[in-house]
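In: No letters, just coordinates:
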Ligand code: BDP
């Protein structure tokens with residue numbers, strides 16, 4: 001059989017992804033430290049459950065060679081979650097203002113010891129943001145929207161009576177990286193989440209989270225008053241509706257005194273919201289905020305909105321939210337996805353960052369890999385997030401980054417009930433990276449990768465280098481083989497895994513079609529968001545607007561995001577748009593091969609079953625990278641009518657074949673055993 005035939009047989013074989021046995025240490029995440037010999041002597045001036053956890057972690061983790069003294073409450077100069085650690089005398093003193101500060105200190109100390117910090121050190125640490133939150137997209141039926149690591153952690157039918165042991169393991173993992181808030185359920189929220197029976201279950205989970213410094217939040221459905229409260233309306237300005245929410249909130253706090261608040265997706269993708277009643281997002285958010293304020297709860301209101309009517313979806317969040325800047329109550333945080341469209345492999349940062357000057361803004365990142373290969377592909381997301389956080393908004397002046405424009409970070413969780421939590425060992429690094437960056441936004445992807453590799457595999461220096469390189473190149477690889485040069489939304493209609501730039505579903509919303517975004521045609525490719533097109537560039541500060549507006553100056557990585565370019569137009573790298581595009585797709589495939597080699601180089605240094613399992617993922621990833629390259633280049637080639645430039649491999653798959661299996665995800669998830 002030819003390579004092409006074998007590949008299509010493999011792709012078409014109906015078989016699910018084989019799940020290898022999961023190594024027991026995978027369940028321990030980055031906390032699989034080898035216990036130091038002996039038990040440390042640890043004293044603590046408090047006996048609350050949080051303080052006890054901190055002391056116990058140190059007792060178990062430090063070993064007999066270090067004694068520790070935890071002093072909570074004395075350090076008045078520290079902020080609430082901040083801590084100071086001093087081991088200069090050979091004896092460790094931990095000072096914090098609060099119990100949770102001491103807990104964070106304990107995890108940091110243990111981490112630093114494993115990373116082999118110098119013996120005579122003292123340091124303080126405080127979080128970059130007060131709210132560091134995971135958003136679970138978990139449904140009451142146990143499914144997870146865009147989840148690739150099994151079913152939901154939350155065993156709703158067993159709650160509140162029976163608690164899974166994983167709840168506490170999960171709380172501990174979060175606390176160890178500083179995550180302090182968790183939204184338990186999907187933003188596409190079922191109104192039933194607020195039913196009294198459900199709330200008792202939520203309270204049981206909150207009880208497990210509390211000692212670990214984690215506050216529980218719920219995503220709510222805006223029409224709950226009508227859906228489960230028997231009210232004729234859910235209009236936020238209706239007195240009965242406001243009363244219903246007040247009572248509901250009071251009832252929640254009676255069960256969960258430290259309840260965090262609500263996360264709201266409103267008037268987005270068909271969900272109800274204040275606009276259904278002629279009200280604004282601010283009207284809706286502020287009504288909820290008033291109900292929560294007496295309890296110190298917050299409303300996290302999402303800015304992920306777009307309607308089918310507008311000519312450019314990328315502009316809509318700004319159009320709807322900027323006029324409301326300054327009109328949100330103090331306990332409202334507007335949560336903005338990192339890019340203006342929707343968690344694509346690469347987007348420029350959302351222009352709402354920096355522009356909302358009088359509103360608390362959170363960045364929403366997607367830890368679950370909906371658009372970066374699910375848990376099948378190895379894609380370390382820290383480089384992407386770092387790119388966003390360090391982007392200069394130039395607002396109100398040069399040097400003001402996205403990181404400095406936000407007050408909170410939220411990440412869509414990649415956690416499920418799979419024994420390895422995230423679907424593969426490397427995906428755990430994304431959970432870890434999110435927590436670490438939310439705690440310290442100055443950490444670089446390299447620092448985080450190094451930490452994670454050392455904590456997870458016990459490898460450092462030269463031994464760790466191949467994994468570090470593989471992780472650090474992986475995001476760019478995914479961008480290259482999926483959507484280079486600013487292309488976006490080329491995903492298949494029925495799922496967000498493989499390519500379907502040719503997708504054409506009669507009657508579907510145009511802005512759900514890839515062609516809306518790539519605009520490939522005989523005259524060129526890309527979405528014209530310049531001043532000659534949708535003028536989305538004008539939503540950025542002048543310096544950036546000018547840069548992005550010019551096809552000559554616009555960074556190549558965003559070129560087709562902002563410009564419709566002729567196939568033969570020259571690029572900054574001295575090639576043509578078509579040739580550059582082909583080169584990127586090829587580079588993506590080549591990068592995955594390089595990742596395979598790097599992974600091969602650590603065989604023998606990693607538990608064999610983990611090594612083998614990641615090896616399988618990489619084979620799948622290579623197959624898919626080829627599939628993306630072949631699909632996109634052949635399809636775009638029908639417009640460009642230009643040959644593949646030298647160095648770009650001939651396709652293995654025919655466009656017609658790909659068109660046939662493109663809609664059926666079950667038919668191509670099997671690893672191509674023995675093929676590559
Ligand atoms: C999209 C997801 C969809 C989510 C939506 C959101 O495909 O499942 O509901 O984002 O963030 O990317 O609300």
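Out: The structure has been received and is ready for your questions. None of these values were measured; they are calculated from a predicted model.

In: rest of the way, CA atoms for contacts and neighbours
Out: Noted.

In: can you list the domain ranges for this protein.
Out: Domains of the chain are assigned by automatic domain parsing as 26-125, 131-445, 454-507+574-676.

In: Among the ones you listed, show me which one is buried the most.
Out: domain 131-445 (a mean of 21; mean count of other C-alpha atoms under 10 Å).

In: for that one, what is the average pLDDT?
Out: The pLDDT scores in domain 131-445 average 97.

In: Please state the offset of that domain from the chain centre?
Out: Put simply, domain 131-445 sits 11 Å off its chain's centre (C-alpha atoms, centre = their mean, to the nearest Å).

In: How far does it stretch from one end to the other?
Out: 21 Å (C-alpha to C-alpha, to the nearest Å).

In: same check, this time on stretch 312-323
Out: First-to-last residue span, stretch 312-323, C-alpha to C-alpha: 18 Å.

In: Sticking with the closest residue to residue 358 other than its chain neighbours, tell me its helix or strand.
Out: Setting aside the residues directly before and after it, residue 358 is nearest to residue 326 in space (C-alpha to C-alpha, 6 or more residues apart in numbering), at 4.6 Å. Here residue 326, judged by DSSP states H and E, is contained in no helix and no strand.

In: show me the contacts for residue 326.
Out: Neighbouring residues of residue 326 by C-alpha atoms under 8 Å, 6 or more residues apart in numbering: 357, 358, 359.

In: quick one: the helices in the stretch 1-150 of the chain?
Out: 3-12, 49-62, 99-114 (DSSP state H, counting those that start in this stretch).

In: got those as a markdown table, with distance to the ligand and mean pLDDT columns?
Out: Formatted as a markdown table, the helices of the stretch 1-150 of the chain follow (distance: least, C-alpha to the nearest ligand atom, whole Å; pLDDT from 0 to 100):
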| stretch | distance to the ligand | mean pLDDT |
| --- | --- | --- |
| helix 3-12 | 24 | 36 |
| helix 49-62 | 33 | 95 |
| helix 99-114 | 30 | 96 |
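
In: To residue 380, which of those lies closest?
Out: Proximity to residue 380 (C-alpha to C-alpha) singles out helix 99-114 among the helices of the stretch 1-150 of the chain, at 20.4 Å.

In: ok, back up a step: any chance of a markdown table for the helices of the stretch 1-150 of the chain, columns distance to residue 207?
Out: Formatted as a markdown table, the helices of the stretch 1-150 of the chain follow (distance: least, C-alpha to C-alpha, whole Å):
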| stretch | distance to residue 207 |
| --- | --- |
| helix 3-12 | 46 |
| helix 49-62 | 11 |
| helix 99-114 | 15 |
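
In: which residue ranges form the strands in the stretch 201-350 of the chain?
Out: 215-220, 261-264, 298-302, 332-337 (DSSP state E, counting those that start in this stretch).

In: Select, out of the domains of the chain, the one closest to residue 541.
Out: domain 131-445 (6.0 Å).

In: Near the ligand, which residues of this structure are found?
Out: 145, 188, 342 (C-alpha under 6 Å from any ligand atom).

In: show me what contacts the second one?
Out: Read that as residue 188. Counted by C-alpha under 8 Å, 6+ apart, residue 188 has contacts 137, 219, 221, 265, 271.

In: Try it again at 7 Å.
Out: residue 265 (C-alpha atoms under 7 Å, 6 or more residues apart in numbering).

In: What are the phi and psi values at it?
Out: phi -80, psi 80 (degrees, to the nearest 10).

In: And the last one, by the same measure?
Out: The phi and psi torsions at residue 342 (degrees, to the nearest 10) take the values phi -170, psi 80.

In: Not counting its neighbours along the chain, what's nearest it?
Out: residue 304 (8.0 Å).

In: Equivalent analysis for residue 489, please.
Out: residue 514 (5.5 Å).

In: Look through this protein and state the residue closest to the ligand.
Out: Nearest residue of the chain to the ligand: residue 342, at 5.3 Å (C-alpha to the nearest ligand atom).

In: can you give me how far the longest helix belonging to the chain is from the chain middle?
Out: In the chain, assigned by DSSP state H, the helix with the most residues is helix 608-640. Mean-position distance between helix 608-640 and its chain equals 22 Å (C-alpha atoms, centre = their mean).

In: Which strands and helices lie in contact with it?
Out: For helix 608-640, the elements it packs on are helix 461-482, helix 577-600, helix 655-661, judged by 3 or more C-alpha pairs under 7 Å, 6 or more residues apart in numbering; DSSP states H and E.

In: repeat that with 6 Å
Out: helix 461-482, helix 577-600 (3 or more C-alpha pairs under 6 Å, 6 or more residues apart in numbering; DSSP states H and E).
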